[in-house]
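Chemist: Sequence plus the predicted model coming up.
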Amino acid sequence: MDYGYMLGYWKAGPPAGALETVQEAELLGFDSVWTAEAYGSDAFTPLAWWGSATSTIKLATGIAQLSARTPAATAMAAMTLDHLSGGRVILGLGVSGPQVVEGWYGQAFPKPLARTREYVGILRDVMAREAPVSAPGPQLPLPRTGEGTTGLGKPLMSTLHPLRQHIPIHLAAEGPKNTALAAEIADGWLPFLFSPANDAEARSLLAEGFAKRDARLPGADAFEVSVPVPIVVDQDVEAAADRLRPMIALYVGGMGAKGANFHFDAVARLGFEAECAEIQEHYLAGRKAEAIAAVPTRLIDEIGLIGPVQRIRDGLARWEESVVTRILVQGDITAVRAVAQLR
């Protein structure tokens, strides 16, 4: 089991002490640091900044949103950062949801699986730099032609030579179809709100994707599964749970619309459908305090590690026996230090 440090996206501003924590995580043997984006801070800039003050820790987006950039722009950012960092980039990608894609980026959301497949194909072609890049579409055609264009576009090849022709691409996925897609076309899977209780289903979905895997990609034995795990060290289990309830209430109740919330669906599949419905009802009605209070501790225990160090040690055993290959510690410096001692 490898361990990474998940910083996620910023709230109102840069997280306090982030650089120092990243540097300590590197010294403690964590293999990667992961950033994210929603509709505020971006995923690449913090990695460039913190990466310049580190030397070995991998720099991973977890996740960069597909609709935030064209495939070519994402490839340019990844290749540039890979050069600057000496080959430390992991490119984690995800489709986000319709509220962000259509409301923030002004892009159409339908057919996310088809868009992901096209996007990754273009990324690989750009980063391999074997020929000018073209793609048939229909969602992401290169070059773009037809109505509204000049007709002057032509296939181009990156002027930047890649440091590595194969930068690892990991796909964020919570649903069954995109989980299988990750195993088919990517180098890793980034589940979210995952529990070791899902292990058998996860292995089955990944096997479905591996059966269709392109032989030019690294084999299934090299495939990585990296999971953000919220970790709170506290002698009082309920006090630790209280620190995570607002985050879970937000994702289950407030991210996406009713009937179109992938996080709701992921937690419901863990056997918490009734609890999710109650959380969402409160949250969408503006009753955030009630939504937070409705998050049960047993749900937090499914997707996180909370309480005294010994309790966290015992909980880690479930994760180590699962399909997960890397735990991304989502917590403060105390959590980072505690996990380092338990590895």
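Modeler: Arrived safely.
Chemist: how about Pro308, what does it touch?
Modeler: Going by C-beta atoms under 8 Å, 6 or more residues apart in numbering, Pro308 touches Val233, Asp234, Gln235, Val237. In short, each C-beta sits where N, CA and C put it, glycine included.
Chemist: again, 7 Å this time
Modeler: Pro308 sits next to Gln235 when contact means C-beta atoms under 7 Å, 6 or more residues apart in numbering.
Chemist: what about Leu140, which helix or strand?
Modeler: In the assignment (DSSP states H and E), Leu140 maps to no helix and no strand.
Chemist: Tell me how many other residues crowd it.
Modeler: Residues lying near Leu140 (other C-beta atoms under 10 Å) number 19.
Chemist: Wait, it touches Val120, no?
Modeler: No - counting by C-beta atoms under 7 Å, no contact exists between Leu140 and Val120, whose distance comes to 10.4 Å.
Chemist: What does Gly254 show for phi and psi?
Modeler: phi -110, psi -10 (degrees, to the nearest 10).
Chemist: neighbours of it, just the number please.
Modeler: Gly254 has 17 neighbours, counted by other C-beta under 10 Å.
Chemist: ok, it to Gly286 distance?
Modeler: From Gly254 across to Gly286, the span is 10 Å (C-beta to C-beta, to the nearest Å).
Chemist: Would you confirm that Pro168 contacts Leu190?
Modeler: No - using C-beta under 7 Å, Pro168 is not in contact with Leu190, being 11.4 Å away.
Chemist: And whichever strand or helix holds Ala200, what's buried?
Modeler: According to DSSP H and E, Ala200 maps onto helix 199-210. Using 16 or more other C-beta atoms under 10 Å as the test for burial, helix 199-210 gives Asp199, Ala202, Leu205, Leu206, Glu208, Gly209.
Chemist: Pick the one among those residues closest to Ala64.
Modeler: Comparing these against Ala64 with C-beta to C-beta places Gly209 closest, at 21.0 Å.
Chemist: Where do the domain boundaries of this protein fall?
Modeler: As given by automatic domain parsing, the domain ranges for the chain are 2-229+308-342, 235-307.
Chemist: and those domains, which one is worst for confidence?
Modeler: Per-stretch mean pLDDT for the domains of the chain is lowest at domain 235-307 (a mean of 94).
Chemist: how long is it end to end?
Modeler: Using C-alpha to C-alpha, to the nearest Å, the end-to-end distance of domain 235-307 comes out at 5 Å.
Chemist: can you check stretch 162-169 too?
Modeler: Stretch 162-169 has an end-to-end distance of 15 Å (criterion: C-alpha to C-alpha).
Chemist: Contacts for that stretch, please.
Modeler: 78-79, 82-83, 87, 89-91, 93, 120, 123, 127-129, 186-188.
Chemist: Same question for stretch 276-288.
Modeler: Applying C-beta under 7 Å, 6+ apart, the set of residues contacting stretch 276-288 from outside is Ala249, Val252, Gly253, Gly254, Lys258, Phe264, Val267, Ala268, Glu290, Ala291, Ala294, Val295.
Chemist: Pull out the buried residues from that stretch.
Modeler: Neighbour-count burial for stretch 276-288, counted by 16+ other C-beta under 10 Å, picks out Cys276, Ala277, Glu278, Ile279, Gln280, His282, Tyr283.
Chemist: again, but for stretch 37-47
Modeler: Glu37, Ala38, Ser41, Asp42, Ala43, Phe44, Pro46, Leu47.
Chemist: Next up, the contacts around the first one.
Modeler: Glu37 makes contacts with Tyr9, Ala43, Ala64, Gln65, Ala68, as judged by C-beta under 7 Å, 6+ apart.
Chemist: same thing but at 6 Å, please
Modeler: Residues near Glu37 by C-beta atoms under 6 Å, 6 or more residues apart in numbering: Tyr9, Ala43, Gln65.
Chemist: Provide the secondary structure category for it.
Modeler: Three-state assignment for Glu37 (DSSP: H, G, I helix; E, B strand; the rest coil): coil.
Chemist: With adjacent residues omitted, what lies nearest to it?
Modeler: Ala43 (4.3 Å; C-beta to C-beta, 6 or more residues apart in numbering).
Chemist: what do you get for the last one?
Modeler: With C-beta to C-beta, 6+ apart as the measure, Leu59 is the residue that lies nearest to Leu47, at 4.2 Å, once sequence neighbours are left out.
Chemist: Look up how far Gly209 lies from the one you found.
Modeler: Taken as C-beta to C-beta, the span from Leu59 to Gly209 is 26 Å.
Chemist: Phi and psi next, for the spatially most central residue of the chain.
Modeler: Closest to where the C-alpha atoms of the chain average out (C-alpha atoms, centre = their mean) is Gly62, at 3.5 Å. Main-chain dihedrals, Gly62, degrees, to the nearest 10: phi -140, psi 60.
Chemist: Appreciated, that's everything.
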